[in-house]
Every structure is written in structure tokens, then in C-alpha cells.
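**Q** Pasting the sequence and the predicted coordinates here, then a few questions.
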Protein chains: 2
Amino acid sequence: MTTRATIADVARLAGVHAGTVSRALNPKTEGRVNRATVARVRRAAKQLGYTPNSIARGLRTSSSLTVGVVVPDLTNPIFPPMVRGIESALAPRGYSAVIVNTDGRDDLERLLVDSLLQRQVDGLIFATGHSEHAAAAEVFERGIKAVMVNRDARGIPFPAVVGDDAAGIRDVLDHLAALGHRRVVHLAGPASFSTGTIRAAAFVTRCAELGLEGRVVAAAAYSVDEGTRLTRGVLGDPADRPTAIVAGNDLLALGAYHALRAEGLRCPDDVSVVGFNDMPFAGDFQPPMTTVRVPHFDLGAEAARLLLGQLEAEATGVSPVRIVLPVHLVVRGSTAPPDQVHAAPG
Amino acid sequence: MTTRATIADVARLAGVHAGTVSRALNPKTEGRVNRATVARVRRAAKQLGYTPNSIARGLRTSSSLTVGVVVPDLTNPIFPPMVRGIESALAPRGYSAVIVNTDGRDDLERLLVDSLLQRQVDGLIFATGHSEHAAAAEVFERGIKAVMVNRDARGIPFPAVVGDDAAGIRDVLDHLAALGHRRVVHLAGPASFSTGTIRAAAFVTRCAELGLEGRVVAAAAYSVDEGTRLTRGVLGDPADRPTAIVAGNDLLALGAYHALRAEGLRCPDDVSVVGFNDMPFAGDFQPPMTTVRVPHFDLGAEAARLLLGQLEAEATGVSPVRIVLPVHLVVRGSTAPPDQVHAAPG
DNA sequence: CATCGTGTCGCAAACGATTGCAGCGATGCT
DNA sequence: AGCATCGCTGCAATCGTTTGCGACACGATG
């Protein structure tokens, strides 16, 4: 393991001072040194295979070219595309990302964020926004640059980039209404998440506009198990059983699938189900899931761009922009016209 | 953005020298300083909210407490659990991971590895092993510590931790044989991957042992599209159509699902399909997929532990250990006894 | 001919921690 | 009492860059 070439080695070989090498190799200061010298330095650097030690550079410039990405759980299939989007925007500017998983635990999140900060990340991207977001609040207090992605944090003026949740819900309701559904229930995500409240609100107003009989039950978490638990409850009284379920996300919808199957009901014949997010392989479920596609990759990329803008802006001004990206309904096999016999028993 | 407390601030407050603070706060050297002083330093540190600047420490100790993780594509659902396993083993030791995606491109991989090295990662974890693995070879040349996970790199003596591919294939073949299948084809992963060749080899030897009529066709990639392409070919002649398909991984199996459906064939009624990996939600596919579960989380965790061992060992000795973790078959809905009418048409 | 830019580059001080070495006082031993 | 020892802590070098400042040479200008 031969030790790497340093800037001093290059300087020696090129016959100049280390400071000059530094300037010659940095595009921003390259103009301040003689063209011939730059060439000589370049040649020497290449010959030695010199690459700057970014730790040393980071120490001097107090920046690490690293951003922290805080997600609840990388295993949730909506996050990998988002992370890739983030990295795709970061890489060209020389930044890279370090990812931490909070598993939804606030105390853990604060610990992890601390460790990220200790690592001198230049900024943070939160995919974990929710009300009472202690970690984000703390970060804001300390004047650290950050952005929210996918979800918003109530009361914390970080820029955010999110999908158009309301429009998505409107689209599914329109679709369901067109199919002939009248009695619909919404499996709402937790009220502590902006996605939960926004989608639920859009649900009730659109139901009203469409003259639909809409009911909403709230999930304690965005999970499969919660989806089946809630659905089981909703299915309780066959008399006023809904003909369609619009789930707060695909996981809840999957839970609905399970509950339906357990009750001996068929989807979409007996009840339609629609998800939200269009997670990978949603089209391969049983049945293929009708859901609304959220551009997670773009969400991530846009968030990263926003953060980079903040980082490279000299001004410390925090402009609480809110970028909302369009979503769109993809209709597959889990929605169909309601079965009139069962739907209107009375 | 009030500037963070440094070791000098703590030293001043505690009335000692910075060097003493450093020793007092480091568990390894804590014994070399008076207990009372340690307490005083601790108090001062806490009062100032001091956390060491890891960049500065890294410069001095020439270690970054960071490891690079090289995956083909984080979007492939087997990798998130692996990454989480890695992080779970890294975190307690103060290390963190930075992840890069190669998209299977060798040139890109070399670039990314270079950027990782420039970032002073202390070691590397490759989930991208294959024959002619240029990036890994280069890393080995330069004497950098690394381990392979999930896949092996032929000829490069890095430690590796993999699943027991051969045993897994044997289990599925036994299962299929017990069901009564005789004519089976294997959708083999690319020969450049150790998983591809090992599983294929196990397939032919077990078929021979079981007296099965086994055929293997090789995929150009581990992808859904390859799976349907290959399956379509296999289904060509109805006369000698196989009654079961054992796919090299779940993605290929999913592709088989698609091809079957396109041909108007039903799974498992007309032909059984089994996957490999048990990716998340494999049980929610249509039909629920019989597959072999690979402990990806544990694979990652074990690999990380191995790497940490290498890093903290003073000796530079590379012991090319190879840890193989057990896998096990999970039977779901995509396998059933063969339909005698179609299976033996002649 | 003296002066003033201008363009180049060297000097040296940071950045914030770690660590070998040496100094110091107190203690133990002869 | 003198000397070696030991426990503790200060000193200062060091890691590899970046960057403000000043020096120097050279051509132009009044």
C-alpha cells in the first residue's frame, strides 16, 4: 500500500510551491497562475496520479462535499428511487450522500442527525417530515441547511419538494365515480404526516363535489398490517360495505388486499382498491394495482438541486419554496365497476 | 449559525491543555489521565456541547470512519436489506456508509470507486462481484481493504460472504421432484456472476441425481425482461414444454410470469415457477411466488463485520475467508403438481 | 529615470484534532 | 538524604490543503 502522492510531491516535481499547485488545479483560481505553469503542474499531477485529499481540503474549507439523507426505512420501496434521484443530482457537483434510517423513531433520528452533523455534512435532506419533527426543528435552530422531500414538516420553513397529493386523490375519485362507485372509504395515512392530512382533506372535498358517500378511517402507520386491520374494520357490516377503498399508500392497499382475501371477498369484483405511490412491482401484485404514480426519482433529484442551491448561495437567506411535482393515475386491475347486487343491498 | 466548540474551547474551560482533553475523551487513552481531570473535561465538554470534528481527526489519523458500498442498483429490491444490514453492523463502531450505484457498467464503477477512494473511505464492500472485475482488481492491486457480498469475484482473493446457492437450488429441485415434475428448465443468471454459475451447476448435478430432465438457458442479465424473453423461447414447442421453471432470481421468475400470461398459460396450473432471493413482496405477486429466501440483511451485516475486522487488524494479512450463509425454500403459490394432460402429451 | 500597475508566485498561517516526547512533582526505595 | 520511578499533563509537530498577503520582475507611463 504505497502512500498516496500529496500536493507537496506535485509541487516538487513541477518545481513550484504547493500553494501554486493548489491554485493551478482549482478551476476557480486557475486564472491567477501562468498558463505554462498550469500545464506543467497538470502534467506533474497526472504523472504522479495525484488526487487531492478531500479530508484535508474539508478541514481547511470546512465543507465535506457530503450531504446527509434521512429516510425512515430504505427497505420501503419508494425510497430507493428517491435516493437514486438525489445521488444523480449530487454526483455531477462532486457531492455524495450518506444515508441513515430512522425506523420512524424520533429519538433515533436525533441521534443519527447528530452523528451526521459530527461528520460535517454540508446539508441534510429529510424524507421523514412530520409534525412535531424534533430533529428537523433542532437542525433549523442551529442554522443548518436542509430540505424536505416527499413530506413536509409543519412549521419548519425548510424548502420542500412533494408530489401533488391532492390532484392524485382527485384523479382516483374521478376514476372511481366514472366507474359507478358511490360508497367509498379512505384509509388515511397518519395525521402527523403531511401526505396523510393532505390526501385525506382532498378526499373529503372531492367526495363532496362528486356527491360521493365518503368515509375516512385513519391508519396509525403506513404499513401493510395497518391496512388489513383497518379494512377488516370497514368490512364489518356487510350492509353498508363500501364498493371501493382508496388507500393512503400502496402498503395500506396491499393490506386491504389481504383483508379482502381473508374475508373471502374478491378484488376488484367485490370491492375495488386503489393505492398511492406506484411502488416498484405494484403492477405485479394480485391483482395488478391501480394506483397513482409519484415521481420519486424526480422528487429526490429536485430536492438535491434545491439543497445544492442553498449550499452554494452565499446569502444565508432561507426561501421557503415549495415545489410540487405532478402525479398521475395509472389504472390497472384492482378497480372495476361495482357489483350492483352487493353494492346496493338495501 | 454559531460556530461549533473545538477542543481548544473545552481545554480552556477545563483549565487543561488540548492534548489532555483529547486523551480524556478517547476511551483508549482515558486511562492515561487522572480520573478527576477526566471528569472535569467531560463536564466542560458536555457544557459546551462539544463533539469532535471528525474531519480534523480523519486528517490526523488518516481514516475517515467511512466505508464505500458499491451496488449495481439500489432499486433492485434485494439491495436495500443488504445495505441496512451493512449499516447495522457499521453504526455501533462509529462507521458509516456511502453508497454508489454502478448500473452494471464497469467503466462507471471504476470512476465511482475512484471517487470513493478520493473521499478516503477506509474500505470497500462490493455487491457487484463478477469475473473480469476490473474495479475490484484495481482496488486489490492498490492494497485497499475490501470484501465481496452476495457475489464472488473470480480470482480476486477478497473475503466474501454469500448465500448457499447450491443448497437452495437443491431444495427447489427436491420440492419440484416431490411434486411430480420431471421436465424442468433453469433460467440461469449470467455466467459472469458467481451466483449464475453456481446455481446452474447445482441445477444440473441435482437434476442428474434426481433423474430429472433438466435444461438450462442463460440470461444476459438478471432482469424481468430477460426472464420473459427466455421463457417465451422455452415455451416455443408445446410438445416438449417444461412443467416447471426454476429461475435464477425473482426478477427472472417475474419475467416468466409475464411470458406465461402472454401465452395464455396459467401458473402454477400449467407450469410451475420458482424464484430465488425472496425479494420483498414476493408473496404478494400473482401468484404468490415460491422462492428461496436469502438472508440479505445478514449477508450485509456479516460482510461489514468482516471488513471491520480487516480494518482494525494491525496485520495486513488478507485471509480469503468465504462465509456462506444458509438459505431456505419458502413454498407459496407458484408451484403445484404438474398437469398430467399437458405435461405428458406424447 | 522614477513610479506605478499588473501578473505570478512564494510564504506561512490557518483548519481541529492526535500523539511521541519530555518535564514535573510526588512517592518509594535504599 | 539521594535517586530512580511513576503518574500525569503540557509542548509542539503533524496530517494535506487553501488562501490572504506580500515580494518580485517586468513593461508601461509620465
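**A** In hand now; what should we look at? Residues are numbered from 1 along each chain as shown, chains lettered A, B, ... in the order given.

**Q** wait, what's in contact with A:Gly180?
**A** Contact analysis of A:Gly180 by C-beta atoms under 8 Å, 6 or more residues apart in numbering or on different chains lists A:Pro337, A:Pro338. Every C-beta, even on glycine, is put in place using the N, C-alpha and C of the backbone.

**Q** Any figure for the gap between it and A:Leu90?
**A** 47 Å (C-beta to C-beta, to the nearest Å).

**Q** what does A:Lys46 give?
**A** 26 Å.

**Q** ok, those two, which is more surrounded?
**A** Between A:Lys46 and A:Leu90, A:Leu90 has the larger neighbour count (other C-beta atoms under 10 Å in any protein chain shown), namely 23 against 10.

**Q** any idea what sits nearest that one, other than its immediate chain neighbours?
**A** Nearest in space to A:Leu90, with sequence neighbours left out and distances taken as C-beta to C-beta, 6 or more residues apart in numbering or on different chains, is A:Ala304 at 5.2 Å.

**Q** for the one helix or strand that neighbour maps to, packing partners?
**A** Following DSSP states H and E, one finds A:Ala304 within helix A:296-312. Applying 3 or more C-beta pairs under 8 Å, 6 or more residues apart in numbering or on different chains; DSSP states H and E, we find helix A:296-312 packed against helix A:79-90, strand A:123-126, strand A:146-149, strand A:160-163, strand A:322-325.

**Q** For the fourth one, output the C-alpha coordinates as CSV.
**A** Written as CSV, here are the backbone C-alpha positions of strand A:160-163 (Å, rounded to 0.1, in the frame of the first residue of the first chain):
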residue,chain,number,x,y,z
ALA,A,160,-39.8,21.2,0.3
VAL,A,161,-40.5,19.2,-2.8
VAL,A,162,-43.5,17.0,-2.8
GLY,A,163,-45.9,15.2,-5.1
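
**Q** low-confidence ranges in chain A?
**A** For chain A, the stretches with pLDDT under 70 are A:1-2, A:314-318, A:340-346.

**Q** Helices of that one, start to end?
**A** Listed in chain order, the helices of chain A (DSSP state H) span A:7-14, A:18-25, A:35-48, A:54-61, A:79-90, A:106-118, A:134-141, A:165-179, A:194-210, A:224-234, A:250-262, A:296-312, A:340-343.

**Q** Could you dump the ones you listed into a markdown table and include distance to B:Pro77?
**A** Below are the helices of chain A laid out as a markdown table (distance: least, C-beta to C-beta, whole Å):
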| stretch | distance to B:Pro77 |
| --- | --- |
| helix A:7-14 | 44 |
| helix A:18-25 | 42 |
| helix A:35-48 | 42 |
| helix A:54-61 | 32 |
| helix A:79-90 | 8 |
| helix A:106-118 | 23 |
| helix A:134-141 | 27 |
| helix A:165-179 | 24 |
| helix A:194-210 | 22 |
| helix A:224-234 | 15 |
| helix A:250-262 | 14 |
| helix A:296-312 | 14 |
| helix A:340-343 | 36 |
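
**Q** So for B:Thr37, which of those helices sits nearest?
**A** If you check each of those against B:Thr37 by C-beta to C-beta, helix A:106-118 wins as the nearest, at 23.8 Å.

**Q** and that closest one with helix B:54-61, angle?
**A** 50 degrees (axes from the mean of the first three to the mean of the last three C-alpha atoms, to 10 degrees).

**Q** how many degrees apart are helix A:106-118 and helix A:134-141 in direction?
**A** Using the same axes, to 10 degrees: helix A:106-118 against helix A:134-141 is 40 degrees.

**Q** on contacts alone, who are the packing partners of helix A:106-118?
**A** strand A:66-71, strand A:96-101, helix A:134-141.

**Q** returning to that earlier point: distance between the helix holding A:Ala304 and the chain's centre?
**A** When C-alpha coordinates are averaged (C-alpha atoms, centre = their mean, to the nearest Å), helix A:296-312 and its chain have centres 11 Å apart.

**Q** Next, the contact list for A:Ala219, please.
**A** A:Leu187, A:Ala188, A:Gly189, A:Pro190, A:Gly196, A:Glu226, A:Gly227, A:Leu230, A:Gly248, A:Leu252 are the contacts of A:Ala219 under C-beta under 8 Å, 6+ apart.

**Q** which non-adjacent residue is nearest it?
**A** A:Glu226 (4.3 Å).
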